[in-house]
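Colleague: Kindly return the folded structure for what I paste below:
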Amino acid sequence: MRKQLIIKIAIAALVVAIAVASIIIYKKTQNPVADVGGGVTVELVSLDGETQSKQLDFEEGDTLVDILLDNYEVNYEETEYGFLLLGIDGIQTDFTSTYIAVYINGEYSNYGLSSILLEEGSLYSFRETKV
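Modeller: Numbering: from 1, shown residues only. Predicted coordinates:
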């Protein structure tokens with residue numbers, strides 16, 4: 001009888017540990033934050049090709065969304081899928097004829113803005129793009 005109780009307690013503790021670990025992993029993958037500080041370049045490219053660049057520093061715990069909100073005039077909506085960028089400084093989109101595509105080091109990002117991790121020395125480009 002005592003042996004069965006110990007087994008049940010051990011199983012319950014294991015289930016709780018797995019649940020907690022799953023939540024931690026889910027949170028880290030949903031809102032990645034910088035694990036060290038550093039610097040990046042952010043580039044804005046309008047539909048007509050006009051380009052503006054800024055060198056920006058970030059600290060441990062910052063996200064790409066954080067540094068955008070701290071350094072630019074940003075028009076956005078928070079949706080069930082994450083952060084939807086509608087405008088940044090002079091680039092504004094209606095999301096029907098144009099949108100803002102995100103490129104990391106020249107490569108199109110397949111991840112939403114809320115899921116992009118800051119990496120030292122990287123180039124993050126926000127390009128107004130026709131639909």
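Colleague: Mind giving me the packing neighbours of the helix or strand harbouring Thr41?
Modeller: Element membership of Thr41, judged by DSSP states H and E, is strand 38-45. Judged by 3 or more CB pairs under 8 Å, 6 or more residues apart in numbering; DSSP states H and E, strand 38-45 is in contact with strand 51-58, helix 64-71, strand 123-130. All C-beta spots, glycine's among them, are computed from the backbone N, C-alpha and C.
Colleague: who's in contact with it?
Modeller: Applying CB atoms under 8 Å, 6 or more residues apart in numbering, the contact partners of strand 38-45 are 51-58, 67-68, 71-72, 88-91, 118-128.
Colleague: What subset of these is buried?
Modeller: 56, 58, 67-68, 72, 88-89, 91, 118, 122, 124-128 (16 or more other CB atoms under 10 Å).
Colleague: State the pair within the residues you listed that is farthest apart.
Modeller: Phe58 and Glu128 (23.9 Å; CB to CB).
Colleague: can you put the helices and strands packed on strand 38-45 in CSV and add distance to Ala34 and mean pLDDT?
Modeller: Below are these laid out as CSV (distance: least, CB to CB, whole Å; pLDDT from 0 to 100):
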stretch, distance to Ala34, mean pLDDT
strand 51-58, 6, 95
helix 64-71, 9, 94
strand 123-130, 13, 96
